[in-house]
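Q: Sequence and predicted structure below; questions after.
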Amino acid sequence: MLIDKPGLLAVIKVEHLFLPSGRKNQALLEQTDLHKYQEEHKIPDNFCRKNKESNIQMKFSCWPCRIVIESVVALRDHLSGGKHLENAANPVDYSEYFIDTALNGIWKKRKGVKRPLEETRLSKRERTKKNKIARSIPILTQYTEEKYEETETYFENGLRKVRPYHFTFTTHAKGRWVGDKLSDVFAREFRAMEPKEYARCIEAGLVRVNDKASSVDYRVQNNDFISHTVHRHELPVTQQKINIINEDDDWVVVDKPGSIPVHPCGRYRHNSMTFILAKEHGLKTLQPVHRLDRLTSGVLIFSKSAAKARLMEQLITAREVEKEYVCRVVGEFPEEEIVCEEPIEVISCKIGLCVVDPKGKDCKTTFQRLEFKNGISIVKCWPKTGRMHQIRVHLQFLGFPITNDPLYNSDIFGPEKGKGGDLGKSQEQLVQDLIKYHTVENWINSDEYEPSEIVNESGEIRKTEVVQILDKIEKVQSETKEEASIKTKKQKLSDDLEICDPFCDPHCGECKLAYKDPPPESLVMYLHALKYSGDGWAYQTEM
């Protein structure tokens, strides 16, 4: 049994709804004391999985902590946590609180009961800072204004580059990590290094748990604070100027170049839109209200306040914002308007891969051909929903992938390249093949793929045979380490450079390697966010 006495937790049944405005909502249908519920029902690990036919979901509500929990694993972790044990031992007056029957079963204070004055004045960031101080967790400079000065940016060969710098990644232990070896967690969850390199970092004290050195055999505990200090090497992006389309008291709208991510992620931090705008335009409080893929260019909207960001997010969620994209696809796209409503599912968060799948989320994209010439079609796209890689996946399903899409126009998807949902293999095998392809070519760290097509001087398109590339990769693996490093575009640096370069860390493996600049065609994809518009407003870039 999960608990052995009543009055602590409840089982709640909620129904997921769509309001007439298009916004999502959850209605509380019923609630039962968990102790009583256990006596009559078995609670499996998938107890909280939503029924996609009835849109009914079971959840747990903790009375002492006044929170809603959405999985059995998370509930077990919560019950063993110090915060729950403390709240259970010192219960509050529940008459001040109630479960909102119209919104997710969330706990709320009754009207007229105000929070302490100090809490109302603290922002979320300030509350986080206060909690860290209370738990003696150091506040790193990377979370202060000093982060903009932690390295230098320079320009070379048409690229924006960043000098290497030391950086500490931090996180609290996730529920699924609890009980696992620290080395296993890093090998499974992160892909910036090989597992053996993570093990070396743990033994060297670069990975710390609760600000103390640990070991590869340490078992992760609930609420552990884990940090990993690395010598960070960011990938170059285009030097193209960021044009500001509009700026007022509430909003900043820019024309995002391809190759630059919206916010820090993976191997990008200072080479992200938020950092570039902060450092070079003085816009340090921007909140992105939507995202574009790193290789996608076009309209990108930022808010100058969290309140305005939530307002725009609500409009987008309610599908009251019209989005218009333009792209270049392979083949002769039909002249008539095409509507694709195939559901899309994310099958790998690790490498960011989506496919059309009946179990996926509902999607809708409208396409209209503008022009066809030399085997290439120019197509306008109107995505009604905003799923990950939606336009790219729908075009792949229709058999007209974006010409230089490095992922969805790849032979790894089989001879049909995913047309009609035909992957040519299982989803699991597809993910493994892509991970293998990335790892050997050292692109797993950067999400960089070689272009799936090359355009020669005569304008003809020559397809890259990924099968042949994989054969070459296998050959590289069998060669000596030195030969392989040359074939994968790496060169050993001299010991003298390691000594004289102030940005070099003698213990960093990447400092001993020199990477060739990425080819220009790998920095852009022919997908452009042309226009975003709503009631009384519209932002548009040039075609």
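A: Good, I have the coordinates.

Q: Go ahead and confirm Ile412 touches Tyr437.
A: Yes - counting by CB atoms under 8 Å, Tyr437 is a contact partner of Ile412 at 6.5 Å. All C-beta atoms are positioned from the backbone trio N, CA, C, and that covers glycine.

Q: show me the contacts for the residue lying closest to Asp45 once chain neighbours are set aside.
A: Excluding its sequence neighbours, the residue lying closest to Asp45 (CB to CB, 6 or more residues apart in numbering) is Val72, at 5.1 Å. Contacts for Val72 (CB atoms under 8 Å, 6 or more residues apart in numbering) come out as 2, 43-48.

Q: try 10 Å
A: 2, 43-49, 58, 60 (CB atoms under 10 Å, 6 or more residues apart in numbering).

Q: try Ala213
A: Shown in contact with Ala213 (CB under 10 Å, 6+ apart): 202-207.

Q: Could you tell me how far it is located from Lys161?
A: 34 Å (CB to CB, to the nearest Å).

Q: Same question for Arg369.
A: 39 Å.

Q: and what of Pro358?
A: Pro358 sits 44 Å away from Lys161, going by CB to CB.

Q: These two: which has the busier surroundings?
A: Legend: neighbour count by other CB atoms under 10 Å for Pro358 and Lys161, higher for Lys161 (18 against 9).

Q: Could you count how many residues lie near the residue lying closest to that one once chain neighbours are set aside?
A: Using CB to CB, 6+ apart and skipping the chain neighbours, the partner closest in space to Lys161 is Pro236 (4.8 Å). Number of residues near Pro236 (other CB under 10 Å) recorded here: 20.

Q: what do you get for Phe155?
A: 10.

Q: The helix or strand hosting it pairs with which strands?
A: Following DSSP states H and E, the helix or strand that holds Phe155 is strand 153-156. Applying DSSP bridges, strand 153-156 is found paired with strand 159-162 (antiparallel).

Q: After the partner strand, which helix or strand is next?
A: From strand 159-162 onward toward the C-terminus, using DSSP H and E, the following helix or strand is strand 165-172.

Q: Paired strands for that next one, with orientation please.
A: Sheet partners assigned to strand 165-172 using DSSP bridges are listed as strand 225-232 (antiparallel).

Q: which helices and strands sit right next to the next helix or strand along the chain from the strand it pairs with?
A: For strand 225-232, the following helix or strand on the C-terminal side (DSSP H and E) is strand 237-238. Where contact means 3 or more CB pairs under 10 Å, 6 or more residues apart in numbering; DSSP states H and E, strand 237-238 is packed against strand 159-162.

Q: Asn271: neighbour count?
A: The tally of other residues near Asn271 (other CB under 10 Å) stands at 22.

Q: Now do the same contact list for it.
A: By CB under 10 Å, 6+ apart, the neighbours of Asn271 are 153, 159-162, 234-238, 259-261, 264.

Q: quick one: which of the residues you listed is most hemmed in?
A: When neighbours are counted by other CB under 10 Å, Ser259 leads the contacts of Asn271 with 26 neighbours.

Q: That one touches Ile242, doesn't it?
A: No - assessed by CB atoms under 10 Å, Ser259 is found out of contact with Ile242, at 11.9 Å.

Q: Stretch 231-238 spans what distance, first to last residue?
A: End-to-end distance of stretch 231-238 (CA to CA, to the nearest Å): 23 Å.
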